[in-house]
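# The sequence isn't on hand, but the structure is:
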């Protein structure tokens, strides 16, 4: 008995015989390499399975135990059921939009405005070295492409992401220009849903234990669910604290128009570059309201809905470039240019 090893390696053999299908914006080189170095795919799948069972268990406890045995399906029970359903729907839809949306890939062949206006299209490293490159422009050797300011290369996704914040294994996607709004909404509605569930379950258990005489006849109906209720309650309380902290942190970054990478760079700036008693001003900071508009959209009426943000007014660029400098400036990716 002998084991034959494919000469091209296990990864190539597996990719050939068992290909994985991912959304078009996710590169197979990053997300398809399961359980290998620099990949969070298997961890993300386990986290998503955990979330699915936790949401299912909490939904069952709320609608099959808490409401029927506590409030019944009267006006109060129906109102609480509708509130929980709305919060749960907004949380799940925000999660799906974060997971399935393109985080904002840099278009292949994008070049800085100063280079493209001269008609020079660098195709490789040699040609790139011969062209004067603007100060804010960078070149990604892995993508063989220019990348705008604030964009970073994601190893898991295998491409450069506009306004990249981080790669989140919980949503199996990068958090970038196009889905930062959905990620913040997911954190907000997840925190609100967990808090609402925790309060209702604690109130239910307190009300049940404090009225022993009236509830003694129905104790057997609750005792079978006691372990499930307490288990989900402990997990949900821990998630409430964790998600609430993450939500506050991301809102703080949003109102300052920073990403977590940029915030780290600012905090790690050498002390000699700091002015005593003053805080360094972020070059992309346009003011609180405009910073929020750059992430949530121009219409405040749509800020709390998991819908795509309003696109900024398109410029008069004739290059046909989906990543033109005027669009990047309107979305807070390029710093605002001073008026002449």
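On my side now, so go ahead. In this text the structure is predicted, and so the values were computed from the model without any measurement.
# The protein: helices as residue ranges?
10-17, 28-31, 41-61, 75-100, 113-116, 125-129, 180-210, 212-215, 219-223, 226-255, 260-267, 288-296, 325-330 (DSSP state H).
# Surely residue 138 is in contact with residue 152?
No. Using C-beta atoms under 8 Å, residue 138 is not in contact with residue 152, being 9.6 Å away. (Each C-beta comes from the backbone N, C-alpha and C, glycine too.)
# Neighbour count: these two, which is higher?
residue 152 (21 against 16; other C-beta atoms under 10 Å).
# Identify the spatial nearest neighbour of the more buried one, chain neighbours not counted.
Of all residues not flanking residue 152 in the chain, residue 164 sits nearest, at 4.0 Å (C-beta to C-beta, 6 or more residues apart in numbering).
# burial of the one you found, as a residue count?
Neighbours around residue 164, by other C-beta under 10 Å: 25.
# Likewise for residue 303?
Neighbours around residue 303, by other C-beta under 10 Å: 17.
# Hmm, residue 295 and it touching each other?
No. Taking C-beta under 8 Å as the definition, residue 303 is not a contact partner of residue 295, at 9.1 Å.
# shared neighbours of the two, which are they?
Common neighbours of residue 303 and residue 295 are not found (criterion: C-beta atoms under 8 Å, 6 or more residues apart in numbering).
# State the mean pLDDT of stretch 297-307.
Averaging pLDDT along stretch 297-307 gives 92.
# Next, the buried residues of that stretch.
By neighbour count with 16 or more other C-beta atoms under 10 Å, stretch 297-307 contains the buried residues 297, 303, 306.
# can I get these in TSV with distance to residue 43?
TSV is the format used below for these (distance: C-beta to C-beta, whole Å):
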residue	distance to residue 43
297	32
303	31
306	25
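# quick check, nearest of those to residue 145?
residue 297 (27.9 Å; C-beta to C-beta).
# Any stretches of the stretch 101-250 of the chain with poor pLDDT?
113-137, 211-221 (pLDDT under 70).
# at 50 what do you get?
The stretch 101-250 of the chain contains residues with pLDDT under 50 at 117-134, 213, 217.
# Pull up the gap between the closest residue to residue 239 other than its chain neighbours and residue 78, please.
Nearest residue to residue 239, sequence neighbours excluded (C-beta to C-beta, 6+ apart): residue 194, at 5.3 Å. Remark: distance between residue 194 and residue 78 (C-beta to C-beta, to the nearest Å) = 22 Å.
# pretty sure residue 190 is touching residue 243, no?
Yes. Between residue 190 and residue 243 there is a contact under C-beta under 8 Å: 5.0 Å.
# so how far is residue 267 from the residue nearest to residue 299 when sequence neighbours are not counted?
If the residues on either side of it in the chain are set aside, residue 299 comes closest to residue 310, at 5.5 Å by C-beta to C-beta, 6+ apart. The gap separating residue 310 from residue 267 is 32 Å, by C-beta to C-beta.
# So which of those two has more stuff around it?
residue 310 (12 against 8).
# residues touching the more buried one, list them.
Residue 310 makes contact with 297-299, 302, according to C-beta under 8 Å, 6+ apart.
# check contacts around residue 168.
So residue 168 contacts 98, 174-175, 183 (C-beta under 8 Å, 6+ apart).
# beta partners of it?
Counting by DSSP bridges, residue 168 is bridged to residue 173.
# State the distance from it to residue 282.
Residue 168 is 23 Å from residue 282, by C-beta to C-beta.
# same deal with residue 152?
17 Å.
# Also residue 78?
Residue 78 is 48 Å from residue 282, by C-beta to C-beta.
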